[in-house]
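**Q** let's see this in three dimensions:
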Amino acid sequence: MEISGQDNVTPWQEILNRREPITRSEFHRGLNSIRDKSLLTTYCNEIRRARRGHGVTHNYMVNQCAIKARKLEQDMLY
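**A** Numbers count the residues shown, from 1 in each chain. Next comes the predicted model:
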């Protein structure tokens, strides 16, 4: 049995490596898989440069990333 290097890819990395436009559900799947604020920053910066599908606007992504950042900060306080 051969193990490829791609088996260890997290959902957000998988989404960023795609060539097709990113859908809203894929954006949220990647966003929900992040548990660290530095990874969130990386994801949000890279996803802004990626091709987006219908319904995934720049403002929508920025707002959703900000909401996730606030949630991560709240979780760190408790």
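
**Q** low-confidence regions, this protein specifically.
**A** The chain contains residues with pLDDT under 70 at 1-8, 78.

**Q** in it, which spans are helices?
**A** Ranges of helices in the chain, per DSSP state H, are 11-16, 24-32, 37-49, 58-77.

**Q** next, format those helices as a markdown table and append mean neighbour count.
**A** To be clear about C-beta, it is placed using only N, CA and C from the backbone, and glycine gets the same treatment. Shown next, in a markdown table, are these (neighbours: other C-beta atoms under 10 Å):
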| stretch | mean neighbour count |
| --- | --- |
| helix 11-16 | 18 |
| helix 24-32 | 17 |
| helix 37-49 | 15 |
| helix 58-77 | 12 |
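
**Q** what does stretch 60-74 contact?
**A** Residues outside stretch 60-74 that contact it (C-beta atoms under 8 Å, 6 or more residues apart in numbering): 24, 27-28, 31, 34-37, 40, 43-44, 47-48, 52.
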